[in-house]
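Engineer: How does the following fold in three dimensions:
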Amino acid sequence: MDPSASLDIEALKMTQEQYILAAQPGPPQKPGAPPSSTAGIYGWRKRCLYFLILLLLITMIVNLALTIWILKVMNFTVDGMGNLRVTKQGIRLEGVSEFLLPLYVKEIQSRKDSPLVLQSDRNVTASARNELGQITGRVTVGSEMVEAQCQRFEVRSSDGKHVLFSADEEEVTVGAEKLRVTGTEGAVFEHSVETPHVRAEPFQDLKLESPTRTLTMEAPKGVEVSATVGDLKVACRKELLLQSTEGEIFLNAKTIRLGSIPHGTPPSSLGTPYPRQTVYELCSCPNGRLYLAPAEAGSTCQAVSSVCLWS
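Structural biologist: Residues are numbered from 1 along each chain as shown. Take a look at the predicted model:
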C-alpha cells in the first residue's frame, strides 16, 4: 500500500474525531478515556419536584390571603385590635366585650358619658385577694340574692365622709339621720334594740308590741312616752305594772277615768243589796286592787270586802 494513502486515512479519522468532540457540549475528553455520564433529575423525579414547588407556592399564597383577611376582619391597627385600644392610661374597650376566663385588673372605669354594665347569665362575682392568694372580700350578684363576704361592710355618703350603714360580726350601725321602715308589718327585732328616739310618721300611729313576751323599755335617765296631738293608749292582756323604786307615779290630767272597776260589798251584807247609789268612793285592798263602795256619811271601805277576799 502506498504510504501516502494510509496517511490520508489517518488524517481523516483525526478530523472526524475532532468534529465529534467539538459537537459535544461537555468538556473535551482525552483520547482513549471512557465516556462520562451527565448529572441531573429526569423523568418522574423531576415532575414530583415541580409539583412540590407548586404546592408550596399555593400554600404560601393561601396563608398570605388568610392572614390579610384576619387582619381585615379583626381590625388590627397600630393602636390595638377591634374594640380593644391600647392607650397611655391602659386598655380601652368599646362596645360589648365578653370574657370567657377570669379577668385580673387593677381598675375598671367606664366612659364619662356612659354607665358601666357587668352582665352574666348566672352571676357576677368580684373578689379581692391578699398576697397569699386568699380571698379577703367578695361581692356576688346572683339571680336570687346579692351576697357580700368581708370583715366589714360599709355604705358611705356621696362625699365619702359619713358612714350611712355599716355591719360586722359584732354590730350593725345605721348612721343616717332617719331609719324608715315602710312595710305593713313594721320592723321585727329578735333581741334588744338601742335607740335614742322612736317616732311614727306624721298622722300615723306608733305601736310597740310583743305578742307572746314582755315588752321592756329601760333608760338610765328615764323613759319618756308622749303623744302631743293624739291619744296615748296602753293595753295588755294581764297586769299592767307601773313601778317606781325611788320616785313617785304622777298622773296629771283634767280627767282621770278608771273603767270596769268592780263594786265591793262587805261580807255581812251579802244578800242584802244596797239602795240605789249614784255616788261611790274608791277603795283599795291590801293587795292594791281597787273597787267601788257606796258613798255614805262615813267610809264604807273594808279590807274584808268581797272584792278583796276573792282577788
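
Engineer: In contact with M217, which residues?
Structural biologist: M217 makes contact with 208, 223, 225, according to Cβ atoms under 8 Å, 6 or more residues apart in numbering. For glycine as for every other residue, the C-beta is placed from the backbone atoms N, C-alpha and C.

Engineer: try 6 Å
Structural biologist: Residues near M217 by Cβ atoms under 6 Å, 6 or more residues apart in numbering: V223.

Engineer: Doesn't it belong to a helix?
Structural biologist: No - M217 is assigned coil when assessed by DSSP: H, G, I helix; E, B strand; the rest coil, not a helix.

Engineer: Could you number the chain from 57 rather than 1 from now on?
Structural biologist: New numbering, starting at 57: the last item is M273.

Engineer: per-residue confidence for it?
Structural biologist: Note for M273: predicted pLDDT of 82.

Engineer: Helices along the stretch 107-256 of the chain, start to end?
Structural biologist: Counting by DSSP state H, counting those that start in this stretch, the stretch 107-256 of the chain forms no helices at all.

Engineer: low-confidence ranges in this protein?
Structural biologist: 57-96, 321-333, 359-360, 367 (pLDDT under 70).

Engineer: domain ranges for it?
Structural biologist: With domains defined by automatic domain parsing, the chain comprises 97-153, 176-232, 312-367.

Engineer: I'd like these as CSV, with mean neighbour count appended.
Structural biologist: Output for these, formatted as CSV (neighbours: other Cβ atoms under 10 Å):
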stretch, mean neighbour count
domain 97-153, 10
domain 176-232, 11
domain 312-367, 12
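
Engineer: Looking at those domains, spot the one closest to T270.
Structural biologist: domain 312-367 (19.8 Å; Cβ to Cβ).

Engineer: And the contacts of stretch 148-166?
Structural biologist: Applying Cβ under 6 Å, 6+ apart, the set of residues contacting stretch 148-166 is 139-141, 172.

Engineer: Stretch 130-140 too?
Structural biologist: For stretch 130-140, the external contacting residues (Cβ under 6 Å, 6+ apart) are 141-142, 149-151.

Engineer: circling back to that earlier point, among the domains of the chain, which comes closest to V254?
Structural biologist: Among these, domain 176-232 sits nearest to V254 (Cβ to Cβ), with 13.3 Å.

Engineer: related to what we said a few turns ago, adding distance to K289 as columns, could you present the domains of the chain in a markdown table?
Structural biologist: Shown next, in a markdown table, are these (distance: least, Cβ to Cβ, whole Å):
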| stretch | distance to K289 |
| --- | --- |
| domain 97-153 | 60 |
| domain 176-232 | 28 |
| domain 312-367 | 13 |
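
Engineer: Of all the ones you listed, which one comes closest to L297?
Structural biologist: It is, among these and with distance given as Cβ to Cβ, domain 312-367, at 10.5 Å.

Engineer: Now do the strands in the stretch 207-356 of the chain.
Structural biologist: For the stretch 207-356 of the chain, the strands defined by DSSP state E, counting those that start in this stretch occupy 209-212, 219-223, 228-230, 336-340, 346-350.

Engineer: And the stretch 57-206 of the chain, by the same measure?
Structural biologist: Using DSSP E, counting those that start in this stretch, the strands found in the stretch 57-206 of the chain span residues 136-137, 140-142, 147-149, 180-185, 191-197, 202-205.

Engineer: Which positions in stretch 235-244 come out as buried?
Structural biologist: Within stretch 235-244, no residue is scored as buried using 16 or more other Cβ atoms under 10 Å.

Engineer: centre of the chain versus it, how much separation?
Structural biologist: 24 Å (Cα atoms, centre = their mean, to the nearest Å).

Engineer: go on, stretch 269-278?
Structural biologist: Counting by Cα atoms, centre = their mean, stretch 269-278 is centred 38 Å from the centre of its parent chain.

Engineer: swap in stretch 199-209?
Structural biologist: Put simply, stretch 199-209 sits 5 Å off its chain's centre (Cα atoms, centre = their mean).

Engineer: and it, how far apart are its ends?
Structural biologist: Terminal residues of stretch 199-209 are spaced 21 Å apart (Cα to Cα, to the nearest Å).

Engineer: do stretch 240-256 as well
Structural biologist: Stretch 240-256 has its terminal residues 13 Å apart, counting by Cα to Cα.

Engineer: do stretch 172-179 as well
Structural biologist: Across stretch 172-179, first to last residue, Cα to Cα, it's 16 Å.
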